[in-house]
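Student: Need a 3D model of the sequence below.
(chains A and B)
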Amino acid sequence: MATTALTLPETEYMLPGNRACAGCGLGIAFRHITKALDGKCIFVVPASCLTVLGGMYPTSSVTVPIMNCAFPSTAASASGVAAGLKVLGREDTTVVAMAGDGGTADIGIQALSGAAERNANILYICYDNEGYMNTGTQRSGSTPLGAKTTTSPALGKCEFPKDVPAILEAHHIPYVATASPSYPGDLYDKVKKAKDLRGTRYMHLNAPCPSGWQFAPKDTVELGRLAVETGVFLLYEIEDGVFRLTSRSRALAKQGALKPVREFLELQGRFSSAADAAIDAVQEWVNQRWKRAIERHAE
Amino acid sequence: MLRKNKGARTVTTNPDVHIITGNKAAAEAARLCRVQVIAAYPITPQSSVVENLAKYVDSGVLDAEFIAVESEHSAMSVLIGASMVGARVFTATSANGLAYMCEQIHWVAGSRLPIVMGCVNRALAAPWNVLNDQQDSMSMRDAGWIQIFCRNNQEILDTFIQAFKIAETTHLPVMVCYDGYILSHTVMPVEVPTQEAVDAFLPPYKPHTVLDPAAPRNINPVTLADPRPNADGVLCHGYMELRHLHHAALREAIDTIVAVDNEFGAAFGRSWGGLYWDYLRADAEVLLMAAGSLASEATAAVDALREAGVKAGVIGLRAYRPFPDDAVADAVAAAKVVVVFDKSLSYGYEGPICADLRAALHGRATSPAVHGYIGGLGGRDIKARELVAATCESIEWMKKNTGRKGTGWVNLQL
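Tutor: You can find the predicted model right below:
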């Protein structure tokens, strides 16, 4: 049975109030991740919006241990934590490396690739808000084509984003999954599954960002849903090499059709001056990915 | 038992003495200290340290996690993670490897983790050069680590054992520095202590802060300059207070380095001088000062100078950070001139040991002249006779001049 809001455990690992922006998609995700881990975890967090969410010394907005680490070092630091726990006989604790897309797709990818190749016993979660949002919305390797950032200010980004889950899949790790805070039951169940596996597990979360994507904070969940319903973000998991669409993406594959990407993009200020050609290019990028996903999908 | 012969040299009658390289001595020390997590990335001339440790782990001689990472930055990151949950950890590097982990060198120190690392001193690129000088560790001078230089392979082994004790006492990381090739790849007789003796000297690591879901902490979050109250209203340190405490711990480590060396001497019958060692210093009018194997070389130069009628002696610097300013200033006080040989350079100024000695002497009622020489960069050989020539140049200069002599370069061939 898929977990729903009615069957989620009640224990909270986030305290009332944190320093994230209003409407931050990361906060919703973090809440469900910590619930799925039942608090038995150590988080390893580089410079990121999650650092901000956690608060400033000597206070913390969460009741799970966090080890802050240097920006490029997340996966390596986490594999060190895992190695330390192993030699000390404390392997009942899940080590969760959790970084943004800049910390994962850009500056952290070397350490992540190394850890994945070694199959380090960590759960690595990238929350992808599609840019360096904590530092003021600069372009990252995960920023979509056409999005304006402070470092792609006029034309918007001219390149497609990196497919980081595909990069991780190429490392032959036991589990790769995507999830969205707009589908919290699916997110919760995937974290729970990943928790019980050993080796490097990689999850890629879509994290709508009101300040960076330029939409109203009240619309975060709606934006996350539209990302999935337009196929810009696909919900899937790859377990031992077997690819399955999940949750809303699976339902859309079985019946119905994707909404046009324009419906998702036009709600965001960062695409306000995107040329029709750019939107058409995104639509074609989505169509190709969707076609491949349906071909790969195994029931 | 080892019998002291002179300064840097020892003779032995112990049948357990092994003829090993400096790198093997470092690996043996890590094994004896029962390190629990080792992160390894190859770089010349360090590589055989971690190669030896890999053999120990694979063969079951050492019960540790051996993690072959993809970079030096990740090597130190792995150690940070493992140390944060309470494991005793080890790695070694050289030159560009050290430079690549620079960010994490600072992170370790700021986290006050008792990590011990070998720095097999090698010249920094560009241009590429794999031979010895000390620019690599000197470039990390201000990162907040303890830095100790070794003069021979026995001292390398003994200093690593001391280093874990110093680190775990002071909550400061220790970089054990020794000269690439000159020590790392040269075999010397080294007495390898028994596991029982090392266990008695170095108890298991008891971490002061452990990441544990049962007692959650947020370690190293954003910390403002000013103190802030915690949830109970208790005012906690700001960034600047943490920096002051870090600095104060390094200054206090001056005493710890001496105490641990003395304790080691009582336990093993060998000690290494604590902050510095000397040779024929008592009546010396001219002191040659250096760190590492070059200071050993200086004892041969001093023998020649003495034969020529010059009252010369040696100060071999062990602790470079914390800089033992008072101890060294006192030790050189009676000399007329200290000739400092640096195997590194603070570009645009002078040799770093020379500069620090000048500062340590400043303001004293009487103090010797300080003359600085740069030598041995990129593995350029320095012979005892070249140290003699430089010393004689300084003596001659002082007969004709007063004031500050500019930096000299040993065997420079422009």
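Student: Pick out the residue in chain A sitting closest to chain B.
Tutor: Of all residues in chain A, A:Gly80 sits closest to chain B, at 2.6 Å by Cβ to the nearest Cβ. (Each C-beta comes from the backbone N, C-alpha and C, glycine too.)
Student: Check which helix or strand that residue maps to.
Tutor: For A:Gly80, the host element (DSSP states H and E) is helix A:74-87.
Student: Let me see the contact set for the closest residue to A:Pro161 other than its chain neighbours.
Tutor: Spatial nearest neighbour of A:Pro161, chain neighbours left out: A:Ser142 (4.7 Å); criterion: Cβ to Cβ, 6 or more residues apart in numbering or on different chains. For A:Ser142, the contact set (Cβ atoms under 8 Å, 6 or more residues apart in numbering or on different chains) comprises A:101-102, A:104-106, A:128, A:130-131, A:161-162, A:164.
Student: Secondary structure class of B:Ile395, three-state.
Tutor: Secondary structure, DSSP: H, G, I helix; E, B strand; the rest coil: B:Ile395 is helix.
Student: elements contacting the helix holding A:Gly80?
Tutor: Packing partners of helix A:74-87 (3 or more Cβ pairs under 8 Å, 6 or more residues apart in numbering or on different chains; DSSP states H and E): strand A:41-45, strand A:94-100, helix A:109-117, strand A:123-128, strand B:37-40, strand B:65-68, helix B:72-84.
Student: Would you mind giving the orientation angle of that helix with respect to strand A:123-128?
Tutor: Relative orientation of helix A:74-87 versus strand A:123-128 (axes from the mean of the first three to the mean of the last three Cα atoms, to 10 degrees): 160 degrees.
Student: Mind naming the longest helix for chain B?
Tutor: Longest helix in chain B, counting residues (DSSP state H): helix B:239-268.
Student: quick one: that one near chain A?
Tutor: No: in terms of Cβ under 8 Å from any Cβ of the partner chain, no part of helix B:239-268 sits within range of chain A; the closest distance is 8.6 Å.
Student: Can you name every helix or strand that that helix contacts?
Tutor: Counting contacts by 3+ Cβ pairs under 8 Å, 6+ apart, helix B:239-268 packs against helix B:102-111, strand B:146-149, helix B:153-170, helix B:195-201, strand B:319-321.
Student: Would you point out which residue is most central in the chain?
Tutor: Looking at chain A here, since you left the chain open. Taking Cα atoms, centre = their mean as the criterion, A:Leu205 is the residue nearest the geometric centre of chain A, at 1.9 Å.
Student: switch to chain B, that's the one I care about
Tutor: Centre-most residue of chain B, counting by Cα atoms, centre = their mean: B:Ile148, 2.1 Å.
Student: Would you pull up the residue in chain B closest to chain A?
Tutor: Here the residue of chain B nearest chain A is B:Gly81; by Cβ to the nearest Cβ that distance is 2.6 Å.
Student: related to what we said a few turns ago, A strand includes the residue nearest to A:Pro161, no?
Tutor: No: A:Ser142 is assigned coil when assessed by three-state DSSP, not a strand.
Student: ok, and for the lengthiest helix in chain A, which residues are buried?
Tutor: Longest helix in chain A by number of residues (criterion: DSSP H): helix A:276-296. Buried residues in helix A:276-296, counting neighbours by 16 or more other Cβ atoms under 10 Å in any protein chain shown, are found at A:278-279, A:281-283, A:285-286, A:290, A:293.
Student: go on, stretch A:161-178?
Tutor: So for stretch A:161-178, counting by 16+ other Cβ under 10 Å, buried means A:161-162, A:164-165, A:167-169, A:171, A:173-178.
Student: Over to stretch B:404-414?
Tutor: B:405, B:407-408, B:410.
Student: can you give me the end-to-end distance of it?
Tutor: End-to-end span of stretch B:404-414 (Cα to Cα, to the nearest Å): 24 Å.
Student: Residue 132: how many residues sit nearby?
Tutor: If you meant another chain, say so; for now it's chain A. By other Cβ atoms under 10 Å in any protein chain shown, 26 other residues sit near A:Tyr132.
Student: ah, I was thinking of chain B
Tutor: Residues near B:Asn132, counting by other Cβ under 10 Å, number 32.
Student: same question, the one 3 residues further on
Tutor: Neighbours of B:Gln135 under the rule other Cβ under 10 Å: 24.
Student: So the spatially closest residue to it that is not a sequence neighbour, which state does it fall into?
Tutor: Leaving out its chain neighbours, the residue that sits closest to B:Gln135 by Cβ to Cβ, 6+ apart is B:Ser344, at 4.3 Å. Put simply, B:Ser344 is coil when judged by three-state DSSP.
Student: Wait, B:Ser344 touches B:Gly351, no?
Tutor: Yes: judged on Cβ atoms under 8 Å, B:Ser344 makes contact with B:Gly351 at a distance of 6.7 Å.
Student: Next, show the common contact partners of these two.
Tutor: Common contacts of B:Ser344 and B:Gly351 (Cβ under 8 Å, 6+ apart): B:Ile374.
Student: need the helices for the chain, in chain order.
Tutor: Answering for chain A, as no chain was given. Assigned by DSSP H, the helices in chain A fall at A:25-36, A:49-54, A:74-87, A:101, A:109-117, A:164-169, A:184-195, A:220-229, A:247-254, A:261-265, A:276-296.
Student: I was after chain B.
Tutor: Ranges of helices in chain B, per DSSP H, are B:22-32, B:47-58, B:72-84, B:95-100, B:102-111, B:135-138, B:153-170, B:195-201, B:239-268, B:293-307, B:325-332, B:352-361, B:384-400.
Student: now for the shortest one, which elements pack on it?
Tutor: Under the contact definition 3+ Cβ pairs under 8 Å, 6+ apart, helix B:135-138 sits against helix B:95-100, strand B:116-121.
Student: So which of these is the most surrounded?
Tutor: strand B:116-121 (a mean of 30; mean count of other Cβ atoms under 10 Å in any protein chain shown).
Student: In its sheet, which strands sit next to that one, and in what direction?
Tutor: strand B:89-93 (parallel), strand B:174-179 (parallel) (DSSP bridges).
Student: Ok, which of these comes nearest B:Met140?
Tutor: strand B:174-179 (7.0 Å; Cβ to Cβ).
Student: gap between stretch A:263-274 and the chain center?
Tutor: 21 Å (Cα atoms, centre = their mean, to the nearest Å).
Student: hang on, I meant stretch B:332-340
Tutor: 23 Å.
Student: can you check stretch A:242-253 too?
Tutor: Stretch A:242-253 has its C-alpha centroid displaced from the chain centroid by 17 Å (Cα atoms, centre = their mean).
Student: show me what contacts residue 173?
Tutor: Because you didn't say which chain, this covers chain A. Contact analysis of A:Ile173 by Cβ under 8 Å, 6+ apart lists A:116, A:119, A:199-202.
Student: that answer is for a different chain, and I need it for chain B
Tutor: B:Pro173 sits next to B:108-109, B:113-117, B:144-146, B:167 when contact means Cβ under 8 Å, 6+ apart.
Student: Show the pLDDT at the residue nearest to B:Gln135.
Tutor: For B:Ser344, the pLDDT comes out at 98.
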